[in-house]
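> Let's see this in three dimensions:
(2 chains)
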Protein chains: 2
Amino acid sequence: MHNKYKEIDINDFENIKKLIGDAERVLFKDEINPDYSHDELGGIDKMPDILVKAHSAKEISDIMKYAYENHIPVTARGSGTGLVGACVPLFGGIVIETTGMNKILELDEENLTLTLEPGVLLMEISKYVEEKDFFYPPDPGEKSATIGGNISTNAGGMRAVKYGVTRDYVRGLEVVLPNGEIIEVGGKVVKNSSGYSIKDLIIGSEGTLGIITKVILKLIPLPKHTISLLVPFEDLNTAIDAVPSIIKSKAIPTAIEFLQREVIFAAEEYLGKIFPDKSSDSYLLLTFDGNSKEQVEKDYEKVADLCLEIGALDAYLVDTEERKEAVWSARGAFLEAIHGSTDEMDECDVVVPRNNVAEFIKYTKILAKEFDIRIPSFGHAGDGNLHVYICKDSMDVELWNKKRADVFEKMYDKSLELGGLVSGEHGIGFAKKEYMFNQYNGGHLNLMVGIKEIFDPKNILNPGKVCK
Amino acid sequence: MHNKYKEIDINDFENIKKLIGDAERVLFKDEINPDYSHDELGGIDKMPDILVKAHSAKEISDIMKYAYENHIPVTARGSGTGLVGACVPLFGGIVIETTGMNKILELDEENLTLTLEPGVLLMEISKYVEEKDFFYPPDPGEKSATIGGNISTNAGGMRAVKYGVTRDYVRGLEVVLPNGEIIEVGGKVVKNSSGYSIKDLIIGSEGTLGIITKVILKLIPLPKHTISLLVPFEDLNTAIDAVPSIIKSKAIPTAIEFLQREVIFAAEEYLGKIFPDKSSDSYLLLTFDGNSKEQVEKDYEKVADLCLEIGALDAYLVDTEERKEAVWSARGAFLEAIHGSTDEMDECDVVVPRNNVAEFIKYTKILAKEFDIRIPSFGHAGDGNLHVYICKDSMDVELWNKKRADVFEKMYDKSLELGGLVSGEHGIGFAKKEYMFNQYNGGHLNLMVGIKEIFDPKNILNPGKVCK
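Coordinates of the predicted model:
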C-alpha cells in the first residue's frame, strides 16, 4: 500500500534544482549515467528519475522534506560497491549521492575521535590517520567504499578477530530522517546510557531508516609493529581446523584469512603478479600487531609452532616489502578476480561461530559436486565470516537461476544449523531478504518492520530493502 | 491512556502460582519484603502486588503472556543496585526477580564466549573466567550487580578507556518480549549485518523492551600483567587537565580514575582502613595492562614522567598486595561512603568528552558554593564519565528538593553545552527522564516512544521508565 509513489515529472526536477541551487549537481532521467542503476551485485538494476550529488546535510534534509511531502522514494548511495543491491532505487525516484561530502572535518587527539563527512573513502581514512600515528581498525576489503556505506552495512573486514567491526568504532552520527528532520545521536563521549540507542539502529540499517550526513569515529593509537605469517597446509580442512586451536592458544592475531589455490591462481591472472608460494592447496594468512616487537614475535612464533604441530607444511614470515605487496595485493583482488573468472556470480556472506567454519566450507564443496557448479570461496576464518561465490560460468540463465536458488537455500539452511546468520558484513539489501525472513521468527521480523514504520511511515526511504 | 491497569487480586496470584508450579517462589502483597519496592535511589518506592522469583525463560514467558492478556504491569529486577529507580514497579503489578537464574552455562574457548543466565553477578563472572585465564573487561564498581542489569543499563565501569563498555561484549541475547514471545538476537558470531540490530536496542533499554533471559558474552584472553599508578596532584584541575595529555601520548591506560581527598576520607571512615597517601588534594589512579611486562612498564613510565612534567607531586607504583588492597578497596567504597555521609543524596552520572571533564568538575565546585550544598564527586576521568553526588545533609526537605532540582538542571545544561549526555552508565530509569527529555529534540524522542510502542503496545513492561 505504501508503494504508490508519485510519478516524477519535470516540475519535481525543477523544484529539486531550486532547493539545491546548483544545476550541475541535479540530473534528470537520460542525463544520468546508467552506473547509478545498480551496485556490484549482478541481476538487479533500476534507473533513478533524479540524481542529486549532495554537498550538505541541509541539502539532504530539504530533499527529504520535499520527497516526504510529495511521496517520492529516495535512495542514498555512496561509492556503489555493495553486493546486495542495497542502493538500487527499486521504485525509481531520487538517488542522493554522498561522495561529494568527502571532507575530514576534525581529528581530536584528546578524545581520540575523527569527525568526517559520509563520503570519505576508507582508503582516505587509513592514509590520513596512519600518517598521524592513529589507527582506524575496521579493514573491509573494498577500500573505495565510503564510510557512510560501511556504517550502513556494519562492515567488518579482516581485523575483526582482534578489533571488532565498524559498529565498535562509531561514536556519533548526524542523520537525516525520512521526514527531513536532522538528529544527532551519540557524540564524542565514550559511554552512553541515555535512552534507546538510535545510533546502533542506524548502523547496519542500509539506508532504510535515515541518511548519515556526519560521522564521529573512534580511533586508537597505531600499533608500532605488524607482521604477517603465511602458513601453507595440505588441504583446506586442516588449515581451517587450526583456527579454533589458534584462538584457544590465547595469542589473538589481528586477522586470520584463508586462501585456496584456485582463488590465488585467479588473483595472479587478474593482477598479472606472482604469489610467493603456490605449492600447497590451502593457506592461512595471519597478521599480528602490537607495540612491543618482542611480544609480536612471541605471538607469531607461538602460533607458527602450533600450526606446524597441527599439520602445517611450513610457516613463512611475510616481512619484505615485496612479499607483503604480493600477498596482500592478491588477497585484496580475490573478489575482482573471481568476478573476472565468470560471466555472472552471486555471493553468500554468511557468518558462523568460528569453530564451525571448516564444516561450512566442507559443505560448500559437497554442494559444488552435487550441483556441478563452481563455488570458490575465501574469507575471514578468524571471525567466521565467509565470502562464498557461486559462479554461472557457461550455464544457461534458466539453469543458473534454478541452481543458484537451490544452492543458496541449502547454504543458508546449513548456516542456521551451525548457529550462523545470513550476513556478516555485506547486509541484506534486496538480494538476501528472503533468506533473512526464513531465519528470523515472526516476532523478531515484526519488530524490524515496526521500527521501519516508526522511522519512515510513508516508506519513502530506500523502499523494498532489508525487511520491507 | 495505557495506565489503566488491572487491579491485582487473589485470583491473579493463584493463576501465577499455577503457572510457576512452585508456591515458594511466588509471593503476594504483605508477604513481599519491602526491599522489593525500591533500588539504591532514594525518594521513590512502590510495592509490587506479586513477586515471582523466576527460574527460566519459559516461566517468564508464561507470566508475560498472562500479564499481556490481563493488562498487568511487569517489572524485571536483578540485584536492585540501580541508581535511577529503573526497577521500581511504579504501577505495582508483578515484579520478576532474576537472581535465581544464576547459572554459568558454557565457556566456549574456541569462540571466546561465555553463555550465562541473567542473574549471574559481576563478581562471579570475573572470578570464573579469570581462573581460566580469560577476561571479561567491563568493570563497573558495583560487583554485586547482575549481568542482566549491567546489560540493561549498558554499564561501563573503569576499564572503558581501553576496553569499551558492556555493549561491546554482548554477542547474543535471549529475550522475552512483552507479549511473552521468546526471541534470540545475535549469537556466537563475531560479525552481524543481518537486519536492524534488535540486540543493540535491548542493551541499555532498562527492562522496558524485553526481559533478558540468556546472555552470550565475548571474552578476551586475560592480560598477563597489570599495574596501577597513584599520582598525587596539588589540586583537582591540574590532575584532570593531565588526562587529555595522557591520552594524546598514545599510551592508553586501562583505567584513569580521579580521587579527591574528601572522598578518600569518607572511604577511610566507611571502611576503617587507611589510604596509603593523603598528603595531596587530588589523585589520579591509573592502571595499565598487557601481555608484555616490558611494554606495560614502558607505558606507565612514560605516563608517570608526563604527569610529573605537567605538575604531579609524585607517582607511586601500587605494586604490593597491601597497597593494591588499600587503594582499590577505597575506590570501590566511594559510593557507599558518600551514601553513609549524608541522610539522603542524589546522583548525576553525566558523560562528557574527556577533554571537558575538568571544566565540568570546576563547574560543580562553583555550584556547591553558589547553592551552599555539598557536591562530592569521583569517577572515570579517562572516559569522561562522572559520578557527582549532591548531599542533603541537614537540609529540610523543601529546601533540599528545591536546591536539588536547581543544581541538577544547571549540571545537565552544562553537560549539554560541553557535548555531553545525561547518563554514561546508570541509565535514565525514572529519575532522569525529565533531563533526557530536555536534551533530545522532538524527532529523537518520538523515535524512542515509537520503538517502545512497537515492542510493548500495551505498555505493560516496566511502565513509566526511560521515555514513557
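> gap between the two ends of stretch A:186-198?
9 Å (CA to CA, to the nearest Å).
> show me the contacts for the closest residue to A:Lys250 other than its chain neighbours.
Distances taken as CB to CB, 6 or more residues apart in numbering or on different chains place B:Pro221 nearest to A:Lys250, at 3.7 Å, with adjacent residues excluded. Bear in mind the C-beta positions are built from the backbone N, C-alpha and C, glycine included. Counting by CB atoms under 8 Å, 6 or more residues apart in numbering or on different chains, B:Pro221 makes contact with A:250-252, B:133-135, B:291.
> likewise A:Thr81?
By CB under 8 Å, 6+ apart, the contact set of A:Thr81 is A:39-40, A:142, A:144-145, A:149.
> Derive a ChimeraX selection command for the buried subset of those.
Here is the ChimeraX selection string for the buried members of the contacts of A:Thr81, based on 16 or more other CB atoms under 10 Å in any protein chain shown:
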select /A:39,40,142,145,149
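> The stretch 301-450 of chain A: strands as residue ranges?
A:316-318, A:345-348, A:377-380, A:385-391 (DSSP state E, counting those that start in this stretch).
> export those to JSON lines and tack on distance to chain B, mean neighbour count and mean pLDDT?
Putting the strands of the stretch 301-450 of chain A into JSON lines (distance: least, CB to the nearest CB, whole Å; neighbours: other CB atoms under 10 Å in any protein chain shown; pLDDT from 0 to 100) gives the following:
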{"stretch": "strand A:316-318", "distance to chain B": "20", "mean neighbour count": "16", "mean pLDDT": "92"}
{"stretch": "strand A:345-348", "distance to chain B": "12", "mean neighbour count": "22", "mean pLDDT": "92"}
{"stretch": "strand A:377-380", "distance to chain B": "8", "mean neighbour count": "24", "mean pLDDT": "92"}
{"stretch": "strand A:385-391", "distance to chain B": "5", "mean neighbour count": "24", "mean pLDDT": "95"}
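> Let me see the confidence value for A:Ser79.
Here the pLDDT value assigned to A:Ser79 is 97.
> Number of residues surrounding it?
A:Ser79: 21 surrounding residues under other CB atoms under 10 Å in any protein chain shown.
> Strands of the stretch 51-200 of chain A, start to end?
A:74-77, A:94-97, A:104-108, A:113-116, A:134-135, A:170-176, A:182-186.
> what about the longest helix in chain A?
helix A:397-417 (DSSP state H).
> near chain B at all, that one?
No: judged by CB under 8 Å from any CB of the partner chain, helix A:397-417 makes no contact with chain B; its nearest approach is 9.7 Å.
> any idea of the mean pLDDT for that helix?
96.
> on that earlier part again, what's the farthest-apart pair in the contacts of A:Thr81?
A:Asp39 and A:Ser144 (12.5 Å; CB to CB).
> Make CSV out of the contacts of A:Thr81 and add distance to chain B.
Formatted as CSV, those follow (distance: CB to the nearest CB, whole Å):
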residue, distance to chain B
A:Asp39, 15
A:Glu40, 16
A:Glu142, 14
A:Ser144, 19
A:Ala145, 13
A:Gly149, 12
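> Closest one of the contacts of B:Pro221 to A:Ala67?
Nearest to A:Ala67 among the contacts of B:Pro221, with distances taken as CB to CB, is A:Ile252, at 46.4 Å.
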